[in-house]
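1. Let's see this in three dimensions:
(2 chains)
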Amino acid sequence: MSSTSAQSTIPRKDGPWLHAWHDPVASIRAKSECVRLVDLNGDSSNILLVADERDKKMRVYKGTSVVSEHQLLDQPVSMCVFYTSDSSSSTPAIGIAGGPYVFIYRHLRPYFKFTLPFVELDPQDESIWAEMDSGNVDAEAGWQMLQQARDSGAVMSSWSLDLLSMEDGNARAQYVAGKRGVEHKQHTVVTCMETLKKDTDAEDAVSSLVIGTENNQILILDPSGAKVICHATLPSTPSILAVTGMYDIEWRIVVACRDGKLYTIKSGEMKGQAVVQGNVIELETQPNALTRIEKSIYVTTMDAQLSCYHIKGRKLFSVALPAPATCMGVAKISRSRVVEALIVSLANGEVRLYNGKHLIHIMQFDDVVVAMRWGQMGREQNSCAFIGRSGSLTLKMMSRQASLEKTGADSGPPAEQDVPLRVPKKTKLYVEQSEREVENAIHMHRVFQRDLCKLRLTTARSYVKIITSGEAGVSMGGGGGGVTNVRLNAQVMGLGPFFKIKLDVTNGGGTPLNNMPVCVSYNPEIYRCEQPSWTVPLLLPNITCTYEVSVRCIHPEGAADAVRIILVNPKSSVPLVSGLVNMPVSELLED
Amino acid sequence: MPSQIDPTWLALSRLRRRRFTECIDGCTSILQTSPYDKAVWSLKTLALSAEAYTDETEMEEEGVGELLLDDNAVASMPRPGTSLSAPRINTSDQGIRPMSSSGRPNTGFSRPGSSSTRPISGMTVDAAFRGSKPGTSRPMTTLGREVRLGTASMNSGSGKFIEIDKLNLRKYASRPALAIALIDYLLFVEVNPRKGLELCSEATQRANYKSWFWKRKLGQCYYKLGLYRDAEKQLRSSLKETPMIMTYFDLVKVYLKLDIPNTALSLLLSAGEQFPMEPRILLGIARIYDMLGDVENSSAAYKKVLQIDASSIEAISCLASNSFYTDNPEISLRYYRRLLQMGLSSTELWSNLGLSCFHSSQFDMALSCFSRALQLSNETNEGDVWYNIGLTGVSIGDLALAYQAFKVAVSIDKNCAEAYANLGVLDLRKNDWESAQAMFEQAKSLAPFLFEPLYNLALLQWKRGNLEGAYENVKQSLIIYPDHEESLALEKELMGSLMGLR
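-> Presented below is the predicted three-dimensional model:
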């Protein structure tokens, strides 16, 4: 796993970033939520945990190498690290959410499995299944009743949805038989998961898991991960969570849901209560990523905008990005004072550093970054792990002297405004000619009008000529019988003496055409064509039909001539459309 | 009178006066009586080669074989301005003059060989076969084409004069005068560079490798065979012996084939210092600047050409077209009038004259030029004249005239994509949306390098509600012309509609 060769083209220092390590073939596929930097052994030397969703493995990186790999039981949705008890020598537990379960690992071994509470079934649904189970109602009748229940507005369980989608009676009966004796329970799945500290703000404070589920609920578990201590219901399904605060004192969760709105959940008056607050921020397009920095909510949306809203719901500012954002992270540097900067990675490979609305630095990656995590890696406090779309893993650090302050050079009108435009001067000749115009205006006008009439006449004559001979490449409207336009494209292929003319015939009109003969006209001394005429049976509108005509050059010198392809209108003597193909000089057969 | 003059002397005089066919006939009759007369034999050879001689400074149309099977190592990532396929970064406006991705104008300009610049990323077989104009295809190889032309002319002429295979090249090499006549015959009439190579190598050996002439001929043979590096070596050493203008031109051709135009340019500049009064050197310089897309230097070079040779047609017409497209139509009008005064009279000239007159507001003269152009036209260029008439109609505001003219243009030249695009726009004015769409599609398929049909198609589709089709088309239009304001505005509008939630 040598990394020295990969580092040769990457600059050591790029703005405030210092390059630490790059592995282009790590083949990691994970989201930001499944990448964590955590102090697993309590020795303040952090490791990188990655839950790969493609091979369902959890990988542990210590330094630059993979220390261990563990198989996961399901595809991970999110991975969180939380401390369950307060003793100073405790190691954290790792919670991995997948499907309807949260698997809790201790010392990298499976410890406990938390199952999400079951969804309440609709009473109609429940009763129908109970009857099918007891045998009072058979599969067909049950199917009918479920349909009626659905039409009357009841919420269907997943069993009912499966049954309703089956067309075949036998399949239905089999399905019902298979469910006989099984307890009818409706699962829901985890969509997102984060952690919430209990009462202190330290790195290793006791914390609990916050889970968002598919049936529009947010659940907060107790620190041991065994039961739900608080829940809230949202109008729509949560997809991204941003958690701040402490459970015992005051907490707030900003949730981005699938309907494109941001909801806020606050702690209620008593412990164990949650209030879905009144302000709802409606976004114009779907959100990509969401973070919170102090009193602002930063969200990137699909239309390549980075918007900042106040907690209270006001929009503070919006920055247009050159490409849509793929993920976002917060860089927290604590020196004399804590500075929090926003790291945004874009779809064109850039990773931008923002302090408020000011762009501090742009770093260019070869690969598009799809996941990132800021934290302490090894003993270096300010480091960030980036995972690229091709599976590469990069580790960058921020130097201790790095300044994240905004530079004042960006504001003001661009420098190009001061450069005058180069307008070409008008020449003396132009002036002379304008004078001529002024002097001879009447005469010029008369001559011009006379010439214009003559030109109109010539043009009209030629136009009439081509209409009557049907030479236009696109047929005229009045060819007889209301036939609309047909397009013909011809292309010669081959080196000779055997050529192939590829014909594309398209009916651009609205009515289908049928039984149209096509014929090929050529000079018989130079060419020979085996099939010089055939009939097009059907031409549907907007569909291109391709035909191939084989033409052979029989001239001993390989001379070239033109070949004409004519699409005949069966109702008139004027062809529908014709095309002229200039054949190239032919190669000769060596006999 | 001819019977009293010595027939050999008569043949020689005819050769001098460039009456080649008569000279050849005379020589043939003399040879029939005395077949071993070397003087007459050499005269006939010289006459035949002079007849078949092509101007060596022109670039020929590259064949398919050359494009696909070229093994010469060419820089794979040339910096802009150092290769013929990657001229300097294009800042020209696509709205004024459609340029291809390599910076050459796509329409209204015809120079053999210049449109065949290879794309750096490799050529597909399909693209290689396509000729410079849509609807034509390329010859297989350049040498093959010349052989074919050579054979055709031989068979139509006096029959096999020299049996190549039976030649004893060593014997001929020992007789310099005969060898010189023969080498030209081999290269230009028979087009057999291999035999020529043998002859040259014999002759050079005899001359102890000191003859500039034979080195130059060696270089020419290598060039015809496609061995450019060897050709370069020979020509360079020939130049060291004795600098000759024609050798410079041969070397320039080699460098252009090797795709190192800057070397060719510096060579021509040094040649220009040695032969300051030679207009062809300056013409070569101007052509190379043109191929690189450097309009300023090219115009300056053409002006210098005119100072020396005031009737160089190429210089005048290039300067005229450049000034037309840089918004000085009255200057181009003056240049074209000069060409008229020189006695030139062709469809293209009259048509350009008409356009220049029209755009410099000399309306009385404009239209009569077009009718003259039509009178002189033939099938290949009549379509273009009608297209220009149509554009003039649009500028006047007489849309009926424009419509008819465009229709005539497409009937004559089926591949005139611009006419289809304009017909589409006119159809839209008549609210015939079906026909307009058909026209734009046709234009798009014929000329994928034009951005107008793509943009118009996108606009039409957007108005009719086909958002996805419109989005694809506007994206393609932006690839061709990234600064087009209307395309950018349409794209923004479409993105908003396609992405927005409400």
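2. who in the stretch 251-400 of chain A is up against chain B?
-> Residues of the stretch 251-400 of chain A lying close to chain B by C-beta under 8 Å from any C-beta of the partner chain are A:259-260, A:283-286, A:302-303. C-beta coordinates here come from the backbone N, C-alpha and C atoms, glycine included.
3. Scan the chain for its longest helix.
-> As the question left the chain open, I've gone with chain A. Longest helix of chain A, by residue count under DSSP state H: helix A:441-469.
4. Actually, chain B is the one I wanted.
-> Per DSSP H, chain B has its longest helix at helix B:379-396.
5. What are the buried residues along the longest helix of chain A?
-> If you call a residue buried by 16 or more other C-beta atoms under 10 Å in any protein chain shown, then helix A:441-469 has these buried ones: A:444, A:447-448, A:451-452, A:455-456, A:458-459, A:462-463, A:466-467.
6. so what are the domain limits for the chain?
-> As the question left the chain open, I've gone with chain A. A:123-179, A:436-469, A:486-582 (automatic domain parsing).
7. right idea, wrong chain: chain B
-> According to automatic domain parsing, the ranges for chain B are B:260-309, B:311-368, B:451-502.
8. wait, which of the ones you listed is closest to residue A:385?
-> Nearest to residue A:385, of all the domains of chain B, is domain B:451-502, at 30.3 Å by C-beta to C-beta.
9. show me where pLDDT drops low in chain A?
-> Scanning chain A for pLDDT under 70 picks out the ranges A:1-10, A:87-89, A:270-272, A:406-417, A:424, A:470-485, A:509, A:589-591.
10. right, so of the domains of chain B, which gets closest to chain A?
-> Closest approach to chain A among the domains of chain B (C-beta to the nearest C-beta): domain B:311-368, 3.5 Å.
11. Now residue A:28: phi and psi?
-> When read as degrees, to the nearest 10, the backbone of residue A:28 gives phi -110, psi 140.
12. Tell me who's in contact with it.
-> A:50, A:52, A:59, A:387, A:391-393 (C-beta atoms under 8 Å, 6 or more residues apart in numbering or on different chains).
13. Equivalent analysis for residue A:500, please.
-> Contacts here follow C-beta under 8 Å, 6+ apart; on that basis residue A:500 touches A:492-494, A:548-551.
14. Okay, now the unreliable bits of the stretch 1-150 of chain B?
-> Along the stretch 1-150 of chain B, the model assigns pLDDT under 70 to residues B:1-3, B:54-150.
15. Closest residue of the stretch 101-250 of chain A to chain B?
-> Taking C-beta to the nearest C-beta as the measure, the point where the stretch 101-250 of chain A comes nearest chain B is residue A:236, at 12.0 Å.
16. Quickly find the element holding that residue.
-> Using DSSP states H and E, residue A:236 sits in no helix or strand.
17. Likewise for the one 4 residues further on?
-> The secondary structure element spanning residue A:240 is strand A:238-246 (assigned by DSSP H and E).
18. Quick check: next helix or strand after that strand?
-> Later in the chain than strand A:238-246, the nearest helix or strand by DSSP H and E is strand A:250-257.
19. Pairing partners for that following strand, with directions?
-> Take DSSP bridges as the rule and strand A:250-257 pairs in its sheet with strand A:238-246 (antiparallel), strand A:261-267 (antiparallel).
20. just how off-centre is the last one within its chain?
-> For strand A:261-267, the distance from its own C-alpha centre to the chain's C-alpha centre is 26 Å (C-alpha atoms, centre = their mean, to the nearest Å).
21. Now that strand: buried residues?
-> By 16+ other C-beta under 10 Å, the buried positions in strand A:261-267 come out as A:261-265, A:267.
22. out of the residues you listed, who's nearest residue B:358?
-> residue A:261 (60.2 Å).
23. And for the closest residue to residue A:158 other than its chain neighbours, the neighbour number?
-> Once flanking residues are discounted, residue A:158 sits nearest to residue A:186: 6.3 Å by C-beta to C-beta, 6 or more residues apart in numbering or on different chains. If you count neighbours by other C-beta atoms under 10 Å in any protein chain shown, residue A:186 ends up with 19.
24. interface residues of the stretch 201-350 of chain B facing chain A?
-> Residues of the stretch 201-350 of chain B lying near chain A (C-beta under 8 Å from any C-beta): B:326-328, B:330-331, B:334.
25. Swap in 10 Å and give it another go.
-> Within the stretch 201-350 of chain B, the positions adjacent to chain A are B:323, B:326-331, B:333-334 by C-beta under 10 Å from any C-beta of the partner chain.
26. Among these, which one has the most neighbours?
-> residue B:333 (26 neighbours).
27. Out of the buried residues of helix A:441-469, flag the one nearest to residue A:582.
-> Among these, residue A:466 lies closest to residue A:582 (C-beta to C-beta), at 19.2 Å.
28. Can you give me the distance of that closest one to chain B?
-> To chain B, residue A:466 is 4 Å away according to C-beta to the nearest C-beta, to the nearest Å.
29. what's the weakest-modelled helix or strand in chain B?
-> Lowest by mean pLDDT, DSSP states H and E among the helices and strands of chain B is helix B:142-156, with a mean of 57.
30. Show me the helices in the stretch 51-200 of chain A, by range?
-> For the stretch 51-200 of chain A, the helices defined by DSSP state H, counting those that start in this stretch occupy A:123-134, A:139-151, A:158-164, A:169-179.
31. ugh, typo on my part, it should be the stretch 101-250 of chain B
-> Along the stretch 101-250 of chain B, the segments classed as helices by DSSP H, counting those that start in this stretch run B:125-129, B:142-156, B:169-173, B:176-184, B:193-206, B:212-225, B:228-241, B:245-257.
32. could you dump those helices to CSV with mean neighbour count?
-> What follows is those, written out as CSV (neighbours: other C-beta atoms under 10 Å in any protein chain shown):
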stretch, mean neighbour count
helix B:125-129, 14
helix B:142-156, 16
helix B:169-173, 17
helix B:176-184, 20
helix B:193-206, 20
helix B:212-225, 23
helix B:228-241, 19
helix B:245-257, 22
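33. Can you check what angle separates the helix or strand containing residue B:288 from helix B:245-257?
-> Residue B:288 belongs to helix B:279-292 when assigned by DSSP H and E. For helix B:279-292 against helix B:245-257, the angle between stretch directions is 10 degrees (axes from the mean of the first three to the mean of the last three C-alpha atoms, to 10 degrees).
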